[in-house]
Structures are given as C-alpha cells and as structure tokens.
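S.K.: Structure, please.
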Amino acid sequence: MGATTLGALVGGAIDSMSGDDSAADGAIIGAVTANVLKVAVPIAITYATGWLVLKGLGELGDRITGAED
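M.R.: Model (predicted):
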C-alpha cells in the first residue's frame, strides 16, 4: 500500500507541475507504475542472479575440464 500511495503522490506532483490539468491522471499513472514495478523489479533481479550463477558454473566447469573456446 505504501508504494502505491507514494507512486500516486509522486505521479500527481509531477503531473500538476505542467499546469495543464488536474493531478488525478498523473496520480493514477503513478500508482499503476508503482504496482508494476513492485512485480517487475524482483523478477528482473531474480533472472539476473540466476543467469550470473549459471554463467559462473559454466566457466567453473570449463576451467575444471580444461575446455577451450
């Protein structure tokens, strides 16, 4: 809930700086963005960590077996 609220506040503040309309649409966009990032960032970090581990294991296997490129 905190990230959604913070996203709405930041989005509303950024949108209201232009002065064209109310901050409501910016608040909605900010809240949706915060919720998407709450899901996307952990997935990206998990994927990157897994890729690095697999890459490291491959390099370790090549060094142990003496395989050359």
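
S.K.: Just give me how far the longest helix seen in the chain sits from the chain centre.
M.R.: If you go by DSSP state H, the chain has its longest helix at helix 24-65. Distance of helix 24-65 from its chain centroid, counting by C-alpha atoms, centre = their mean, to the nearest Å, is 7 Å.

S.K.: now for that helix, which elements pack on it?
M.R.: In terms of contacts (3 or more C-beta pairs under 8 Å, 6 or more residues apart in numbering; DSSP states H and E), helix 24-65 is packed against helix 2-17. (Glycine included, C-beta is placed from N, CA and C.)

S.K.: From the contact counts, what lies against the helix it packs on?
M.R.: Using 3+ C-beta pairs under 8 Å, 6+ apart, helix 2-17 is in contact with helix 24-65.

S.K.: Using CSV, list the CA coordinates for stretch 32-46.
M.R.: Extracted C-alpha coordinates of stretch 32-46, given in CSV (Å, rounded to 0.1, in the frame of the first residue of the first chain):
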residue,chain,number,x,y,z
VAL,A,32,-0.1,1.8,-11.6
THR,A,33,3.6,2.3,-12.4
ALA,A,34,4.4,1.6,-8.7
ASN,A,35,2.4,-1.6,-8.7
VAL,A,36,4.0,-2.8,-12.0
LEU,A,37,7.5,-2.1,-10.6
LYS,A,38,6.7,-4.0,-7.4
VAL,A,39,6.4,-7.1,-9.6
ALA,A,40,8.8,-6.4,-12.4
VAL,A,41,11.9,-5.4,-10.4
PRO,A,42,12.1,-8.6,-8.2
ILE,A,43,11.6,-10.7,-11.3
ALA,A,44,14.4,-8.9,-13.2
ILE,A,45,16.8,-9.2,-10.2
THR,A,46,16.0,-12.9,-9.8
